[in-house]
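[1] Sequence below, structure please.
(one chain, ligands or ions: 4)
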Amino acid sequence: MKLLEVAVIPGDGIGKEVVPAALEVLNAAADVHGGISFRFDSFPWSCDYYEQHGKMMPEDGLQTLQNFEAVFLGAVGDPARVPDHVSLWGLLIKIRREFQQVINIRPAKYFRGLSSPLLRPNDFDLLVVRENSEGEYSEIGGRLHKGDDEIAIQNAVFTRKGTERAMRYAFDLARKRRGHLTSATKSNGIVYSMPFWDEVFKDVHKDYPDVQTTSTHIDALAAFFVTKPQVFDVVVASNLFGDILTDIGAAIMGGIGIAPAANINLNGKYPSMFEPVHGSAPDIYGLGIANPIGQIWTAKMMLDHFGYLELGQHLLDVVESVTYDGIKTKDIGGSATTREVTSEIIRRLQK
Ligand SMILES: NC(=O)C1=CN([C@@H]2O[C@H](COP(=O)(O)OP(=O)(O)OC[C@H]3O[C@@H](n4cnc5c(N)ncnc54)[C@H](O)[C@@H]3O)[C@@H](O)[C@H]2O)C=CC1
Ligand SMILES: CC(=O)C(=O)O
Ligand SMILES: [K+]
Ligand SMILES: [Mn+2]
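    Ligands and ions are numbered 1, 2, ... in the order given. Below you'll find the model as predicted:
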């Protein structure tokens, strides 16, 4: 029996509702598999924790997490109580950075049983590789003066190492999928970093002559995600572009509540972290109607990461069958609760 030790951080808002749902599903999946079991250690690090301790996690929080094989996280943020740049940078982005989770992979695909806002959604199945350690999300800059003369400067940082790393990861994935990679650029407007991004993309492509590529400006690309998502296989994007594109990817599936994500540590020195695309949804927290699918599909990505590809695929097929049969939460057109969707997924998984 293989024991998988996972650190769990439900975080804020609906993270506290969808994470327990996904853990139940993971336990059911482990039973179905027969050869694995999970040990979940839960940490209450969140905006509640911040109000009591003045920080989002204890000083030795990262050391604690380092002993686990993966981190399973819900969402961070409760903007009515703690400013987002304090809560996200104190927990979520801190873990991503310190654990060198330099890549964020976020799939989007046509999901049976969901009514996509696209009129006739073709059978799209794409995956965004988001650079997760630098780019537009960089702590370089500052604020100066007050009042009318106030200035804020925010620098975007693109290193050859970080850029190339994300691109190689994306080319490798494209090779394992349908052999096509799109690069999200904006070299017509952003004069230093994006021409550099394009150059690195061309350089790396030389090592992957079998992969077909396209470079598309982010504005047009955003529109194409809506008008013709079926043409995309793998898309590689900088930190901010990837963040925005993957909310669009979620929207064209039918809703942000189902979109999964994985923050990948490539060098094996630290655990990877699995957390869905959506945030803490304070507007629906406590109502019992949060869609658990994003978190459960994220659990499937964690199973893939552990090497249980078949079990992961089975879980996703089960989730899709439940959606297809109309057992859905309100955000995607149904009337079921978080509990009802979770129970039905577990029941079918056990069959
Ligand atoms: N990775 C993370 O932990 C992220 C955290 N956040 C944080 O979350 C808080 C809220 O941010 P928002 O911009 O409102 O984004 P959000 O993703 O929390 O919510 C956007 C909209 O989608 C809906 N929604 C999201 N997940 C859902 C689910 N599972 N089921 C049903 N409906 C769902 C919400 O009700 C809301 O109307 C902020 O503090 C923000 O910083 C936002 C995005 C990512
Ligand atoms: C913070 C955020 O929106 C994200 O990482 O997706
Ligand atoms: K999240
Ligand atoms: Mn986001």
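[2] got the residues of the stretch 201-350 of the chain near ligand 3?
    When proximity is defined as CB under 5 Å from the ion, the stretch 201-350 of the chain approaches ligand 3 at 275-276. In this view, the C-beta of every residue, glycine as well, is placed from N, C-alpha and C.
[3] for the stretch 201-350 of the chain, what spans make up the helices?
    218-227, 239-253, 293-305, 309-324, 338-350 (DSSP state H, counting those that start in this stretch).
[4] ranking these by burial, who's on top?
    Mean neighbour count (mean count of other CB atoms under 10 Å) peaks for helix 293-305 among these, with a mean of 26.
[5] Just the residues contacting that helix, thanks.
    Residues from elsewhere that reach helix 293-305, judged by CB atoms under 8 Å, 6 or more residues apart in numbering: 6, 18-19, 21-23, 25-26, 29, 70, 72, 74, 105, 250, 256-262, 264, 272, 274-278, 309, 311-313, 315-316, 319, 323, 341-342, 345.
[6] quick one: stretch 127-144 to chain centroid distance?
    16 Å (CA atoms, centre = their mean, to the nearest Å).
[7] now stretch 64-79
    Taking CA atoms, centre = their mean, one finds stretch 64-79 lying 13 Å from the centre of the chain it belongs to.
[8] residues touching the residue in the stretch 1-150 of the chain that ligand 2 sits nearest to, list them.
    Here the stretch 1-150 of the chain gets closest to ligand 2 at one residue, Leu88, 5.7 Å apart by CB to the nearest ligand atom. Leu88 sits next to 76-77 when contact means CB under 8 Å, 6+ apart.
[9] Could you find the closest non-adjacent residue to Arg339?
    Gly288 (6.6 Å; CB to CB, 6 or more residues apart in numbering).
[10] How confident was the prediction at the one you found?
    Note on Gly288: pLDDT of 98.
[11] do the one 3 residues further on as well
    At Asn291, the pLDDT value in this model is 98.
[12] how about it, phi and psi?
    phi -80, psi 120 (degrees, to the nearest 10).
[13] correct me, but it touches Ile332?
    Yes. The criterion here is CB atoms under 8 Å, and Asn291 meets it with Ile332 at 6.4 Å.
[14] more neighbours, those two?
    Neighbours per residue (other CB atoms under 10 Å) separate Asn291 from Ile332, with Asn291 holding more: 31 against 22.
[15] burial count for the residue nearest to that one when sequence neighbours are not counted?
    In space, and not counting its chain neighbours, Asn291 is closest to Gly257: 3.0 Å by CB to CB, 6+ apart. For Gly257, the neighbour count with other CB under 10 Å is 26.
[16] Hmm, His278 and Gly257 touching each other?
    Yes. In this structure, Gly257 is within contact of His278 by CB under 8 Å, at 6.0 Å.
[17] Give me the common contacts of these two.
    Shared between the contact lists of Gly257 and His278 (criterion: CB under 8 Å, 6+ apart) are residues 250, 294.
[18] I figured Leu65 hits Ser272, correct?
    No. At 11.2 Å, Leu65 and Ser272 do not qualify as touching, with contact defined as CB under 8 Å.
[19] so what sits against both of the two?
    Counting by CB under 8 Å, 6+ apart, the residues touching both Leu65 and Ser272 are 71, 99.
[20] and stretch 109-122, how far apart are its ends?
    Distance between the two ends of stretch 109-122: 10 Å, counting by CA to CA, to the nearest Å.
[21] quick one: contacts for Phe201?
    Counting by CB under 8 Å, 6+ apart, Phe201 has contacts 167, 183, 185, 213, 215, 236.
[22] export those residues to TSV and tack on pLDDT?
    Below are those laid out as TSV (pLDDT from 0 to 100):
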residue	pLDDT
Met167	98
Ser183	98
Thr185	98
Thr213	98
Ser215	98
Val236	98
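[23] Of those residues, keep whichever come out buried.
    167, 183, 185, 213, 215, 236 (16 or more other CB atoms under 10 Å).
[24] Looking at those residues, which one is closest to Leu114?
    The closest of these to Leu114 turns out to be Val236 (CB to CB; 25.9 Å).
[25] Name the nearest residue to that closest one, sequence neighbours excluded.
    Computed as CB to CB, 6+ apart, the closest residue to Val236 that is not its neighbour in sequence is Ala170, at 3.7 Å.
[26] Arg81 in helix, strand or coil?
    Secondary structure assignment for Arg81 (DSSP: H, G, I helix; E, B strand; the rest coil): coil.
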